[in-house]
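> Have a look; sequence and predicted model below, questions after that.
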Amino acid sequence: MTQTTRHRVLMGLLILIGSVVPPVLYAFYGHTGEIPTAAPYRPSPLLEQYVAVLSVFGLKFFYTSGATAIIVVLWRRTAADLAALRWAMICFFIGENCCLMNVVLCGDGSLPLEYLHNLGMVLTFAFTTYALLEGIDARLIHYSAAGRCAAAPLCRGCIKHADVPCGLRRIFLLLVPALALVAALPLFVAYRTTAYQTTIFGAPYTYQHPVVEQIYEWRLLPIAALLLLAACFLVLWLVERHPVPLSKILLAAAVGAMGFAFFRLLLVTAFIDDQVWFEFWEEATELLYVGVAGGLLLVYRHSLLAPEQPRGTATLRSNGTTDEHR
């Protein structure tokens, strides 16, 4: 399975979740996304009005600009981790611009745009996780390489050279069920309903987080994560011994779904009655995400952004083994 095919499989799994779910929710829940006209009025202090403007027109501008810069820097990179990070930033950029259009043009009342925003975030979580898995593997642990991996001193034998079980693989067989247990947590959280109207520097605005969105975030995404983790466990247990490319794809897709579910769960439960701060901390953490990604690229630019080896050549690693670039 080539790198491009892996990225397509990962994206396809999560786009399937995002494209099929909204019509199903509309059909069974009957929510159109219209802003409730009977929502009570709540005046916003001057500080919250400034925070609301800063969130949409300040923080969003900085992190979308940063994401664009990272996309440009990584545009021609073929390393699996850097290519996955590039896709993460592309999905992030598209999703956040859908969010901006929803707020500016639709007063945060368009469910289709909100679902595109959410799908972009799920894909961002997934591709970032895949980038981390590939980066840690290729640059630190060397599990998928032909030579000894970093965990070899802990093992009595190596699966790469003998018919023995792999220690890292067995650790992941323990971690995947543990992740599944955590992924199930949002299924037991009650929905939080609230909507209120306010005025932001003279402009009327309605804050809401309808139940139909919470069904997607706290029910369907966790269920999708559980199914993906179950598939990951079965593939890892029954099919893949070394290396484990499909297991990494399924794990990244699962973390994408459950990561966004927990992200929204934290924000909604903390700020459901004061959604100015809900939006601010969502935007602030997204700015932090882009800043950390850009910082890592900057700090390790001499290694991560060095001219890539021509295909078919070999690179000597510090442990005496070589990686062939194909």
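Okay, I see it.

> Go ahead and confirm residue 41 touches residue 205.
No: with the criterion set as Cβ atoms under 8 Å, residue 41 and residue 205 do not qualify as a contacting pair; they are 10.9 Å apart. All C-beta spots, glycine's among them, are computed from the backbone N, C-alpha and C.

> Can you pull the residues that touch both of the two?
Both residue 41 and residue 205 are contacted by 197-198, under the criterion Cβ atoms under 8 Å, 6 or more residues apart in numbering.

> Compare these two (neighbour count), which wins?
Taking residue 41 and residue 205 together and counting by other Cβ atoms under 10 Å, residue 205 has the greater number of neighbours (18 against 10).

> So the more buried one: helix, strand or coil?
The three-state assignment at residue 205 reads strand, by DSSP: H, G, I helix; E, B strand; the rest coil.

> Do you have the helices of this structure handy? List them.
3-29, 46-54, 60-73, 80-106, 111-136, 167-183, 211-215, 221-234, 245-271, 275-299, 301-304 (DSSP state H).

> Could you give the average pLDDT over the fourth one?
This points to helix 80-106. Averaged over helix 80-106, pLDDT sits at 92.

> could you check the angle helix 60-73 makes with it?
Taking axes from the mean of the first three to the mean of the last three Cα atoms, to 10 degrees, helix 80-106 and helix 60-73 form an angle of 150 degrees between their directions.

> about what we covered before: let me have the helices of the chain in TSV, extended by mean neighbour count.
As requested, the helices of the chain are exported to TSV (neighbours: other Cβ atoms under 10 Å):
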stretch	mean neighbour count
helix 3-29	15
helix 46-54	15
helix 60-73	17
helix 80-106	21
helix 111-136	23
helix 167-183	15
helix 211-215	19
helix 221-234	22
helix 245-271	22
helix 275-299	17
helix 301-304	11
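
> Quick one, which of those helices gets closest to residue 199.
Put simply, out of those the one that sits nearest residue 199 is helix 46-54, at 8.0 Å, with distance taken as Cβ to Cβ.

> Tabulate the helices of the chain (TSV), appending distance to residue 201.
Formatted as TSV, the entries for those read as follows, by distance: least, Cβ to Cβ, whole Å:
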stretch	distance to residue 201
helix 3-29	32
helix 46-54	6
helix 60-73	17
helix 80-106	14
helix 111-136	23
helix 167-183	41
helix 211-215	26
helix 221-234	35
helix 245-271	21
helix 275-299	13
helix 301-304	41
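
> least reliable of those helices going by mean pLDDT?
What stands lowest among these, in mean pLDDT terms, is helix 3-29, with a mean of 60.

> So which residue is dead centre in this structure?
residue 125 (0.7 Å; Cα atoms, centre = their mean).

> Next up, the contacts around it.
If you count contacts by Cβ under 8 Å, 6+ apart, residue 125 has them with 255-257, 259-260, 263.

> Could you dump the residues you listed into CSV with distance to residue 85 added?
Output for the contacts of residue 125, formatted as CSV (distance: Cβ to Cβ, whole Å):
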residue, distance to residue 85
255, 15
256, 14
257, 19
259, 15
260, 17
263, 18
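
> right, and residue 139 touches residue 81 too?
Yes: Residue 139 lies in contact with residue 81 (Cβ under 8 Å); the separation is 7.4 Å.

> circling back to that earlier point, nearest to residue 143, of the helices of the chain?
Counting by Cβ to Cβ, residue 143 lies closest to helix 167-183 out of the helices of the chain; the figure is 5.9 Å.

> The closest one - contacts with which helices or strands?
Packed against helix 167-183, as judged by 3 or more Cβ pairs under 8 Å, 6 or more residues apart in numbering; DSSP states H and E, are the following elements: helix 221-234, helix 245-271.

> tilt between the last one and helix 275-299?
Relative orientation of helix 245-271 versus helix 275-299 (the same axes, to 10 degrees): 140 degrees.
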